[in-house]
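[1] structure for the following, please:
(one chain, ligands or ions: 2)
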Amino acid sequence: MSVTLSGIGVSRGIAIGKVHILERGQPEVVEQKIPASKVEDEVLRFQLALKVAQEELKNIRTRIPASTPADIAAFIDTHLLMLKDSALGNVPIDLIRNQQLNAEWALKLQRDALVNIFEEMDDAYLRTRKDDVIHVVNRILRILLNQDNQPHDGVTALTGHIIIADDLTPADTILLQHQKIAAFVTEYGGPLSHTAIMARSLRIPAVVGVHNSRKTLHNDEIVIVDGKQGVILANIDEDILSYYRQQQQQESIYYKSLNKLKNKAAITIDGTPISLLGNIELPEDIDSVNDVSASGVGLFRTEFLFMNRSSLPDEEEQLDAYLTVINKLKGNPLTIRTLDLGADKQSQETKDTSVPTINPALGLRAIRLCLKDPDLFTPQLRAILRASAHGPIRMMIPMLSNIQEALQTLQIIEEAKHQLDREGLDYDKDIPVGGMIEIPAAAITAYTFAKHLDFLSIGTNDLIQYTLAIDRMDDEVNYLYDPLHPAVLRLIHLILNAGHKAKIPISMCGEMAGDSYYTRLLLGLGLREFSMQAATLLEVKSVIKESNISELVRPARKILQCTHSDQALALVNNINAG
Ligand code: PEP
Ligand code: MG
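    Ligands and ions are numbered 1, 2, ... in the order given. Now for the predicted structure:
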């Protein structure tokens, strides 16, 4: 009888391999009283451990493969910054000195205090950040306790193995990827953990939250990991094994075949050209967008230039970042979204000055924050305008909820243009300015936005969050996140119609655009411009190339009339099978 263990699939793909259980667990710590004469030695021991931890992480940072997206390195940087933070550096030293505690116990007390603070946070994303504190503290503890910090046992090569662990840090994940592991399974962690995000970027199949997996599975037994379904199959017979081997083979043939599409045009069978663009967060991401031959960038999330740092980038630094991207695009268009800071995306500086809100997704974020703070907004507008002298740039305003915000923004852009005129600085006088439609109020009134703006882009991530009243960062309500909810589909249709009537370009840059499951439905509804992570672009292109729009319009209309998403799901399955 085979055994099935379930968890949350966070990175899809099928892996078959031998189990390797990482028995590291939580380092055991005991409290000891240090004699007064030895207190300063203990402080030194602690400081040395901090230094060694920093060296370990810096060393791992240099081993990140060049092809890895830039935000992965940022995870390691977050851990390095934590090691320099006084909460981890100074507070334990005070405890060692004032209470004559051993370094391990002082660090454990401070870890518990920090974890408590994170656990009380309302924001699900910030709550998951307590994992980072635990990972960093465990690294220091293992150094203090002379335990091995690296996920290897010195002798066994882990190539092709399926790693089963209590939890993995982003640094562990990088080292394991170096050893070419087949997949990993952890007992803890959620879909928003940095480790899960990294697994997706590095394309390692992964399932998290599989409680008791270390007790149930045994070293060297063969198991199957299905990262899409979130299951691990053990004690498998030959039939199951050969079924999954076949699936795995098909998967690998499919991904290889996608590479052949890189230089092929995205045109449907009935001859409609579709524009496939990339989403980027940092300038470095442009290389992976170019690598899949995208026809430009449909969303540059510029707030990432403002995150994980102690001071804000000035106009020149922003200009540099935009120029790096536009130069690498070699004539393809770049859509720069103005700052979408707030909610789950905070910069240190704006966070410190803003009043904490109970409901940050509904608070002072994105264009609301920018209109309130000209010192934040104007340098960015000037940088975008100045960059527009060097290539085709479009400016995009996030989180519009009423037309006054759009008109006020257009006015501020005009003022920035006048400033540049007075200073004799060059810019594109006809730079297109568009808006993201991601709030239901804006979707319902999209025709008004379409009258005043040069293009619209549908942000399905927020549109779904706000339409269905579910926090997109809260895994407790993830099950309600439903792109096929009739209300969501009707809003998307409204926006597309408004754009078509006004004869302005209309694109989609939320996750739905990059999920090939929805490609045919969106084509049938009239979408012609899709923007997504580079990793999914070729998959979407392959569906487009096998689609006939004339056959999709009627079923799409039918799907719009569905009263439940189950009906819509069945119809989407139909058009995908056809
Ligand atoms: C969206 O909301 O769909 C979107 C693309 O913006 P972000 O995910 O950055 O909020
Ligand atoms: Mg959004």
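[2] test my guess that Asp482 contacts Thr467.
    No. If you go by C-beta atoms under 8 Å, Asp482 and Thr467 don't touch, sitting 9.6 Å apart. (C-beta placed from N, C-alpha, C; glycine too.)
[3] which neighbours do those two have in common?
    Val488 (C-beta atoms under 8 Å, 6 or more residues apart in numbering).
[4] who has more neighbours, those two?
    In terms of neighbours (other C-beta atoms under 10 Å), Thr467 is the more surrounded of Asp482 and Thr467; the figures are 20 against 17.
[5] and that one, helix, strand or coil?
    Put simply, Thr467 is helix when judged by DSSP: H, G, I helix; E, B strand; the rest coil.
[6] wait, what's in contact with it?
    Pro440, His485, Ala487, Val488, Leu491.
[7] just give me the neighbour total for the closest residue to the second one other than its chain neighbours.
    Spatially, and ignoring its direct neighbours in sequence, His485 is nearest to Ser565 (5.3 Å; C-beta to C-beta, 6 or more residues apart in numbering). Counted by other C-beta under 10 Å, the residues lying close to Ser565 total 18.
[8] same thing with Asn235?
    15.
[9] residue contacts, it?
    With contacts defined as C-beta under 8 Å, 6+ apart, Asn235 is in contact with Met1, Ser2, Val3, Glu221.
[10] can you do 7 Å?
    Met1, Ser2, Val3 (C-beta atoms under 7 Å, 6 or more residues apart in numbering).
[11] what about it, distance to Arg368?
    Taking C-beta to C-beta, to the nearest Å as the measure, Asn235 falls 55 Å from Arg368.
[12] what pLDDT does the closest residue to Arg45 other than its chain neighbours get?
    Leaving out its chain neighbours, the residue that sits closest to Arg45 by C-beta to C-beta, 6+ apart is Ala103, at 5.6 Å. Turning to Ala103, the model gives it a pLDDT of 94.
[13] again with Gln346
    pLDDT, Gln346: 62.
[14] who touches Pro92 in this structure?
    So Pro92 contacts Phe46, Ala103, Ala106, Leu107, Gln110 (C-beta under 7 Å, 6+ apart).
[15] can you do 10 Å?
    43, 46-47, 50, 101, 103-111, 137, 140 (C-beta atoms under 10 Å, 6 or more residues apart in numbering).
[16] quick check: nearest residue in space to it, chain neighbours excluded?
    In this structure, Pro92 finds its nearest non-sequential neighbour in Ala106, 4.1 Å apart by C-beta to C-beta, 6+ apart.
[17] not counting sequence-adjacent ones, nearest residue to Gly391?
    In space, and not counting its chain neighbours, Gly391 is closest to Ile326: 3.9 Å by C-beta to C-beta, 6+ apart.
[18] that neighbour touches Ile336, doesn't it?
    Yes. Between Ile326 and Ile336 there is a contact under C-beta atoms under 10 Å: 9.1 Å.
[19] for the contacts of Thr467, pick the one with the most neighbours.
    Leu491 (24 neighbours).
[20] distance of Asn116 from ligand 1?
    30 Å (C-beta to the nearest ligand atom, to the nearest Å).
[21] ok, that residue - contacts?
    If you count contacts by C-beta under 10 Å, 6+ apart, Asn116 has them with Lys130.
[22] ditto for Leu329
    If you count contacts by C-beta under 10 Å, 6+ apart, Leu329 has them with Gly278, Ile286, Val289, Asn290, Ala294, Ser295, Gly296, Val297, Gly391, Pro392, Ile393.
[23] please apply the same query to Ser401.
    Ser401 touches Ala366, Ile367, Arg368, Glu438, Ile439, Pro440, Ala441, Ala442, Thr445, Tyr466, counting by C-beta under 10 Å, 6+ apart.
[24] neighbours of the nearest residue to the fourth one once chain neighbours are set aside, how many?
    Taking C-beta to C-beta, 6+ apart as the measure, Glu438 lies nearest to Gly459, with 3.2 Å between them; neighbours along the chain are not counted. By the other C-beta under 10 Å criterion, the neighbourhood of Gly459 contains 27 residues.
[25] hmm, Gly459 is touching Leu491, no?
    No. Counting by C-beta under 10 Å, Gly459 sits too far from Leu491 to count as a contact (11.4 Å).
[26] show me the shaky parts of the stretch 1-150 of the chain.
    24-25, 65-72, 122-128, 148-150 (pLDDT under 70).
[27] the strands in it, which residues?
    3-6, 8-11, 14-21 (DSSP state E, counting those that start in this stretch).
[28] redo those strands as CSV? Include mean neighbour count.
    Shown next, in CSV, are the strands of the stretch 1-150 of the chain (neighbours: other C-beta atoms under 10 Å):
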stretch, mean neighbour count
strand 3-6, 14
strand 8-11, 22
strand 14-21, 21
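[29] so for ligand 1, which of those sits nearest?
    strand 8-11 (17.9 Å; C-beta to the nearest ligand atom).
[30] okay, and the common contacts of Gly459 and Leu491?
    Common neighbours of Gly459 and Leu491 (criterion: C-beta under 10 Å, 6+ apart): Ile437, Ile439, Ala442, Tyr466.
[31] looking at those, which are in strands?
    In this view, the shared contacts of Gly459 and Leu491 that belong to strands under DSSP state E are Ile437.
[32] run a quick neighbour tally on the closest residue to Phe300 other than its chain neighbours.
    Ranked by C-beta to C-beta, 6+ apart and with sequence neighbours excluded, the top spatial neighbour of Phe300 is Ile336, at 4.8 Å. Here the count is done by other C-beta under 10 Å, and Ile336 has 25 residues near it.
[33] then Asp320?
    Neighbours around Asp320, by other C-beta under 10 Å: 14.
[34] pretty sure it contacts His390?
    No. Using C-beta under 10 Å, Asp320 makes no contact with His390, being 11.5 Å away.
[35] what sits against the residue nearest to Phe530 when sequence neighbours are not counted?
    Residue nearest to Phe530 in three dimensions, not counting chain neighbours: Ala513, with 4.3 Å by C-beta to C-beta, 6+ apart. Neighbouring residues of Ala513 by C-beta under 10 Å, 6+ apart: 276-277, 279, 298-299, 457-460, 507, 519, 522, 527, 529-533, 536-537, 540.
[36] report pLDDT for Ala513.
    95.
[37] ok, it to Leu305 distance?
    Using C-beta to C-beta, one gets 23 Å for the distance from Ala513 to Leu305.
[38] and the strands of the stretch 1-150 of the chain: which comes nearest ligand 2?
    Proximity to ligand 2 (C-beta to the ion) singles out strand 8-11 among these, at 21.4 Å.
[39] helices and strands around that closest one, which ones?
    If you count contacts as 3 or more C-beta pairs under 10 Å, 6 or more residues apart in numbering; DSSP states H and E, strand 8-11 packs onto strand 183-186, helix 194-202, strand 206-208, strand 222-226.
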